[in-house]
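[1] predicted model follows, preceded by the sequence.
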Amino acid sequence: MNKDYKFVDQAIEELLPKVKEAGLDTVWDRFKSMQPQCGFGELGICCRICWKGPCRIDPFGNGSQRGICGADAHTIVARNLIRGIAAGAAAHSDHGRHIALTLLEVAEGHAPAYCIKDEKKLMSVAARLGLSTEGKNVRQVAKEVALATLEDFSRQNSSIPCSWARQTMTAERAEKLTALGVMPHNIDAVVAGIMNRTHVGCDADPVNLLLGGLKGALADYTGMYLSTELSDVIFGTPEPVITTANLGVLKEDAVNIAVHGHNPLLSEIICDVAGSMDEEARQAGAKEGINIVGVCCTGNEVMARRGIPLATNYLSQEMAVLTGAVDAMVVDVQCIMPSLGVLQECYHTQLITTMATNKIPGAVHVEFTEKTALEDARRVVELAIEAYKRRDKNKINIPQYKETAIVGFSAEAVFAALSKLNKEDPLKPLLDNIVNGNIQGVALFAGCSTTRVAQDHNFVTIARELARHNVLLLATGCGAGAFAKLGLMTQEATEAYAGDSLKAVLTAVGEAAGLNGPLPLVLHMGSCVDNTRAVTVATALANKLGVDLDKLPVVASAPEAMSEKAVAIGTWAVTLGIPTHLGIIPQVTGSSLVTEVLTDKLKDLVGGYFIVETDPLRAAGKLYEVIRERRKALGI
Amino acid sequence: MAKIKENSFIYADPQKCLGCKNCGLACALAHAGCDLQTAVAGKRQLQPRNSVVKAGDMFMPIQCRQCEDAPCAQACPTGAIRQEDGLVKINEQNCVGCKVCSMVCPFGAIVVTPVPNAEPNRKTKRGKALKCDLCFSSVRKDGQLTCACVEACPTQAVMLVDPEGYRTKILEARAKELAKAHSVAKQKRA
Ligand code: SF4
Ligand code: SF4
Ligand code: SF4
Ligand code: SF4
């Protein structure tokens, strides 16, 4: 274990020495043994697109300055970057497609495990998509919504933008992006388009490639937006709920089932059936029955909707297994470390893969389908109970750390809380407080955790600093996981870290919403696919103010980003006009041109741009500076 | 009289080298005194002191062997090259960039090139002889030399060879084999 590596999360710190005693490797050991990492890769100037390659550019100007085909550093970096965006868009939108298809099956009566939990949301989604609901029953509306959504995956007329993109941003923004030629008309076609134009011998103009990247990022946005909204229709829109987070949520006397990944389709049903199987768990000797906990974003999904406690976030997923108390780790898609399969050799934890396209050596595969969801979920719980019987008591080591977390702040929940202050015009109190400076601006924290920085440290440091300056904080994904684990989604955190005027606003809203105290310091908006919830709030604010998104004092930060999905999210945030901070150095610096476009030139084009700053305190300073600048431009 | 120690030198095992050139990046950076991102952002033109060469289907980085009777030092008309601190050192101040050393080096280990970031003008190109200097200015806390290429190689192909230690290891290994053979022979006889 790397000695210099610091952990903000005490649960990890406590568990790690035990892991070492057992002679096991964790993500941090593998990171250490991977050092030094390849300099060409770090700069993004290695190309493996064709088999004449690999080619790499000498960043110091002496050796090769062009690949064998003639591509220079700018072309290579731009191609690599937008391929990442395409992969991110594919991941999010396939998730979204799965949800949309499930909605269609619900409408057609082929998915008995599911129903429409939030009819109100269904109706508002239908209205948003321009569908008339008059005289139609819920199922008919659901079917029309599903089919209209699926059109965003199949439309061939490239002059008609994706509905889920067009209808969810300000009209001005949509026009601007259409004029730039970056509005997607069909998510799949845009992803395929990126793969096409980056094939050997195609698009070599770095700026043109980057514009293709913006379009790919907006395709990602479209897929994310529809995914979140339709998940709400099927599973309910999150409302504030009090729960707990960190490894201490595991129970020694329960069958612990960790749900991990991103897609709520199976985990929701597992939660449904687990209650009815509690008795079986007790018979197997687990006095406390079944305890479901979340990891990563599947964890965030069930936490926001059901108050299921969160065990940990992405980077420390192995830690959950290493407590020796997780009986089954049920995974769906994305961000699942293959090392979980290896850990099973030493721990009794049953790793269960559930999706045909996501299998892991060492796991048991229970193939999940919507039609058989109930049986699949039961099978998973049975496997967990069987695994419980194989537990080795000597290996149990649950660090006793957990924090309260008030979560579930969907856009609807935020508006609902605000409506307690002003029923006719819920946005007014928020807007007034932004205008009068009680709230200086809004910052959205998104993205992953990574070995490149001490886990969670950047999130916590930047958040505290911005809160002190009265910036309203929102979070999703593994950023939200970090805040939940570390006690920043509590009322106490608001008392401790919020600046006076922010504290007053959070208290007024919290009291009115019946929380007997302030809202938590950081509002948990859901999993990483739910970043669009923040856009819902921002767009409502922009429309109310009568300005475009790039004028708002709103910033985003992905201080510990690592996945291709994060690359896509960051890029659409920028494309929507939101300055976005990265706390790690992106793999593009081998091209001065691409770096300049991303961090500067984009500002003229779309209003948003990337701010790269690895020092969290300085990053907070820069973000606050942007907020001040934008306030000044608005004359507030 | 104190025994004269042989110079240590860098050697790379062609069986392990994948030709990734990371040793070259690391070498160039080590002599620039800054990190990769800073160097690239500042558009600094850096020069590695080794060259990764392909021979047949094998790769290996080639760099100065720190010769005991160095032809480069013999040839240098300005006396810029000399034995010092256990290596063959080039004193850049004295070097005029005549390239004699690079011509006589049997390994092609010397490049004469403008010193990174020195501004050439109409009078001078500011070319100086550069070669592997075992990163002599970067000594670890425990007094050991740390060579950038050794640390950078992902397959651990590069090593800093201390000839005496290297020879001792070979001697001991062979001695063990021989001793074993002898004792077997003895037992057979008995
Ligand atoms: S596409 Fe061009 S730069 Fe890339 S590997 Fe092939 S020849 Fe090299
Ligand atoms: S530069 Fe060449 S000749 Fe001079 S010491 Fe090194 S290997 Fe020998
Ligand atoms: S190039 Fe410099 S070091 Fe080499 S022989 Fe000429 S003066 Fe000497
Ligand atoms: S770093 Fe190692 S593997 Fe790469 S070129 Fe140098 S010696 Fe070869």
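    Ah, there it is. Numbering: from 1, shown residues only, chains lettered A, B, ... in the order given. Ligands and ions are numbered 1, 2, ... in the order given.

[2] so the residue of the stretch 351-500 of chain A found nearest ligand 2 versus ligand 4, what's the distance?
    Using C-beta to the nearest ligand atom, the closest approach of the stretch 351-500 of chain A to ligand 2 is made by residue A:452 at 37.8 Å. Just so you know, the C-beta spots here come from the backbone N, C-alpha and C atoms, and that holds for glycine as well. The gap separating residue A:452 from ligand 4 is 21 Å, by C-beta to the nearest ligand atom, to the nearest Å.

[3] same check, this time on residue A:379
    Residue A:379 is 48 Å from ligand 4, by C-beta to the nearest ligand atom.

[4] so what pLDDT did the spatially most central residue of chain A get?
    With distances taken as C-alpha atoms, centre = their mean, residue A:528 lies nearest the centre of chain A, 1.1 Å away. At residue A:528, the pLDDT value in this model is 95.

[5] excluding chain neighbours, what is closest to it?
    Closest residue in space to residue A:528, ignoring its immediate chain neighbours: residue A:477 at 3.1 Å, by C-beta to C-beta, 6 or more residues apart in numbering or on different chains.

[6] need the residues of chain B near ligand 3, please.
    Proximity of chain B to ligand 3, by C-beta under 6 Å from any ligand atom, involves residues B:75-76, B:78, B:80-81, B:90, B:95-101, B:112, B:129.

[7] let's go with 5 Å and repeat that
    Within chain B, the positions near ligand 3 by C-beta under 5 Å from any ligand atom are B:76, B:78, B:80, B:95-96, B:98, B:100-101, B:129.

[8] which single residue of the stretch 101-250 of chain A ends up nearest ligand 4?
    residue A:200 (25.0 Å).

[9] check chain A too.
    Closest point on chain A to ligand 4, by C-beta to the nearest ligand atom, is residue A:38, at 9.0 Å.

[10] quick one: residues contacting that residue.
    Listed by C-beta atoms under 8 Å, 6 or more residues apart in numbering or on different chains, the contact partners of residue A:38 are A:46, B:20, B:22, B:154.

[11] pretty sure the first one contacts residue A:37?
    Going back to what we said before, that points to residue A:46. No: at 11.8 Å, residue A:46 does not count as touching residue A:37 under the criterion of C-beta atoms under 8 Å.

[12] the more surrounded of these two?
    Regarding residue A:46 and residue A:37, a neighbour count based on other C-beta atoms under 10 Å in any protein chain shown identifies residue A:46 as having more, with 22 against 13.

[13] for the closest residue to residue B:43 other than its chain neighbours, give me its contacts.
    If you skip the residues right next to it in sequence, residue B:43 has residue A:592 as its closest partner in space, 6.9 Å away by C-beta to C-beta, 6+ apart. By C-beta under 8 Å, 6+ apart, residue A:592 lies in contact with A:74, B:41, B:43.

[14] circling back to that earlier point, what does the pLDDT read for the residue of the stretch 101-250 of chain A closest to ligand 4?
    Looking at residue A:200, its pLDDT reads 97.

[15] now it: how far from residue A:86?
    Distance, residue A:200 to residue A:86, using C-beta to C-beta, to the nearest Å: 16 Å.

[16] quick check: phi and psi on the residue nearest to residue A:528?
    The phi/psi pair for residue A:477 (degrees, to the nearest 10) reads phi 60, psi -140.

[17] if I look at it, how far off is residue A:562?
    Using C-beta to C-beta, one obtains 11 Å as the distance from residue A:477 to residue A:562.

[18] check residue A:315 too.
    Residue A:315 is 9 Å from residue A:562, by C-beta to C-beta.

[19] about what we covered before: the residue nearest to the centre of chain A reaches residue A:565, doesn't it?
    Yes: counting by C-beta under 8 Å, residue A:528 touches residue A:565, with 6.5 Å between them.
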